[in-house]
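Participant: only the shape, not the letters, is given here:
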């Protein structure tokens, strides 16, 4: 079949006028495609928005972060792996820092409850959670001070009674706007406030509201707790790509330090954010594929609707087909006429569907707290919607078009 | 000049518009075999004005379809303007129909939503290079059939005679070798029939080769040659003056249109 571009253009115009002449019918015919495309694109847009949101959260936590924590091997009894056997030790923290080239820096982190009040006599006593950290915590968590100074190595080495507070703690303890240099009574010991850290909005994974935070040097926290207290380690890989390598290094170092045999399971856990990101991406792709599959079915149904109407159209226009053939239309020209009409119907349906989807997505993005502010139809989904519409048009338009092209002109002209 | 004998010499044979030799057409309907044409020989020269007549079942529709390249014979040869068409494929036949044949149908077969002008243009849609000056040619040919005033009317705004004029204009637009009319006056009253017949006469006078298929003796009487078919064979092929039915009618004092 030689494609004559002039004939093609005429055929497209003919198809448009044919569709326009039967506006209502065309609309109802392409309704299946409209709904199909609208649902596929809005579902993809919503999923895409959700995905962006979650990945942003991960980004905020830090894609190169690793968590190292004590963990009883799955299914093992408690008495076989007592707390003393699995807990991390300071020696291990130092070993990890020294022997893991893929780890840029790390900090142990421990939490303990304590009573906190100011020096003022009228002050209420509140119960707060203290967090013991190394100075490297500032870098790893990307939280520097907004006033005063961060922790230093000297604070850590001397287990000084210094602390950092966040803005929420200032509010709750009714401290000065810049409390640097003031003292807090923590478990009735005087702690010097050396700085203020920003209150961080909780991420998606830390449910609840921003809370009062008081930080003290890790060594100070260690002294305030009994022997064998528990802590975990937050480490930062040299890059997000290196986090997998870093995990293996941590495993290697800790297994050696704990003398675990080849058959023994890890008595600790190492998780990287990157690992979660990968898992989430796989999950999101899976959901998108499932949604796409469901929507493909609706497009299929839409396509059958198009085929049905095209068959009706061919039989209605049998005499016209006969005449066109009699005056010299080749079978290929008739085939093209009906095929183009089916494709145009699908394309128009796809276009209307996209407009509907865009409206829906704009509505979704306005729902407060739905986490869909970032919902938008990705370009690939638009391309996909049109490509799919065209394919549906070709596939389901082909049978009626072939039927039209094969009509015998003599019979067609005799058709009542 | 009428050339009805196949032996008039090579040079004259070349000028024949239609040459048909031993044409047969056999249909198979279930187990039945229908011999619609049983060996027809026929020659029609340029600028002839021919009527093909016959009762139903005589094979005239089959002959008409083969002449119009809508159908292929079972055996025999059909040469149109020097080209064998009996072995052509569907696409080639479509081109022959487009370039060489102008069809006029009993029921007009106009596209109802299109204007007269658009209806007339239709064959050019499928013609090579047909988009060049299409509108101008359509206007000219509508003027020629006397519809210069109604070019933008739709078929439902036209009378039967006017519709048939549009159909004739459409048949003429590609300057066909033959104008093939199948019962062109079958749906028209006698007044309009006369008008359409005189239009055919006019076109013939301008040099157009015309073949009319009809069962109306009044219509056949204006043609210069009358071919009568019976049972798939040519029963008589005479100039009007020597056609027996025509002579009988003249004798009875029938008016010649």
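Facilitator: Right, received. Where do you want to start? Keep in mind that what you see is a predicted model, and the values were worked out from it rather than measured.
Participant: can you list the residues of chain B near chain A?
Facilitator: B:65, B:68, B:70-71, B:90-91, B:94-95, B:97-99, B:103, B:105, B:109, B:111, B:113, B:122-123, B:125-127, B:131, B:170, B:174 (C-beta under 8 Å from any C-beta of the partner chain). C-beta here means a position set from N, CA and C on the backbone, and glycine is covered the same way.
Participant: so where do the helices sit in chain A?
Facilitator: Shown for chain A, the helices assigned by DSSP state H span residues A:5-21, A:23-61, A:83-86, A:90-99, A:137-140, A:153-157, A:167-173, A:218-223, A:243-257, A:273-316, A:318-326, A:331-366, A:379-406, A:409-414.
Participant: quick check: buried residues in the fifth one?
Facilitator: Within helix A:137-140, the residues that count as buried by 16 or more other C-beta atoms under 10 Å in any protein chain shown are A:137, A:138, A:140.
Participant: among those residues, which one lies nearest to residue A:405?
Facilitator: Among the buried residues of helix A:137-140, residue A:140 lies closest to residue A:405 (C-beta to C-beta), at 70.1 Å.
Participant: quick one, what contacts that closest one?
Facilitator: By C-beta atoms under 8 Å, 6 or more residues apart in numbering or on different chains, the contact set of residue A:140 is A:62, A:65, A:105, A:106, A:107, A:234, A:235, A:236.
Participant: re earlier: I'd like to know which of the residues of chain B next to chain A are buried.
Facilitator: Neighbour-count burial (16+ other C-beta under 10 Å) applied to those gives B:65, B:68, B:70-71, B:94-95, B:97-99, B:103, B:105, B:109, B:111, B:122-123, B:125-127, B:170, B:174.
Participant: could you list everything the nearest residue to residue B:44 once chain neighbours are set aside pairs with in the sheet?
Facilitator: Among residues not flanking residue B:44 along the chain, residue B:18 sits closest, at 4.1 Å (C-beta to C-beta, 6 or more residues apart in numbering or on different chains). Assessed by DSSP bridges, residue B:18 has beta-bridge partners residue B:44, residue B:80.
Participant: dump the residue contacts of residue B:18.
Facilitator: B:42, B:43, B:44, B:67, B:78, B:79, B:80, B:178.
Participant: right, and the first one touches residue B:229 too?
Facilitator: This points to residue B:42. No: Residue B:42 lies out of contact with residue B:229 (C-beta atoms under 8 Å); the separation is 10.1 Å.
Participant: out of these two, which sits in the more crowded spot?
Facilitator: residue B:229 (24 against 19; other C-beta atoms under 10 Å in any protein chain shown).
Participant: mind checking the SS state of that one?
Facilitator: Using DSSP: H, G, I helix; E, B strand; the rest coil, the three-state assignment for residue B:229 comes out as strand.
Participant: residue boundaries of the helices in the stretch 51-200 of chain B?
Facilitator: B:60-67, B:90-100, B:116-125, B:134-144, B:160-172, B:190-205 (DSSP state H, counting those that start in this stretch).
Participant: and the angle from the fourth one to helix B:160-172?
Facilitator: If you take axes from the mean of the first three to the mean of the last three C-alpha atoms, to 10 degrees, helix B:134-144 sits at 130 degrees to helix B:160-172.
Participant: would you mark the buried spots in helix B:134-144?
Facilitator: So, applying 16+ other C-beta under 10 Å, buried residues of helix B:134-144: B:134, B:137, B:138, B:139, B:141, B:142, B:144.
Participant: swap in the last one?
Facilitator: Neighbour-count burial for helix B:190-205 flags B:192, B:193, B:194, B:195, B:196, B:197, B:199, B:200, B:203, B:204 (criterion: 16+ other C-beta under 10 Å).
Participant: any weak-confidence spans in the stretch 1-150 of chain B?
Facilitator: B:1-15, B:130 (pLDDT under 70).
Participant: now for the residue of the stretch 251-400 of chain A found nearest chain B: which residues touch it?
Facilitator: Distances between the stretch 251-400 of chain A and chain B by C-beta to the nearest C-beta are smallest at residue A:328, namely 2.3 Å. Contacts for residue A:328 (C-beta under 8 Å, 6+ apart) come out as B:94, B:95, B:97, B:98, B:99, B:123, B:126, B:127, B:174.
Participant: ok, the second one - contacts?
Facilitator: So the one you mean is residue B:95. Going by C-beta under 8 Å, 6+ apart, residue B:95 touches A:328, A:330.
Participant: with that, I have no additional questions.
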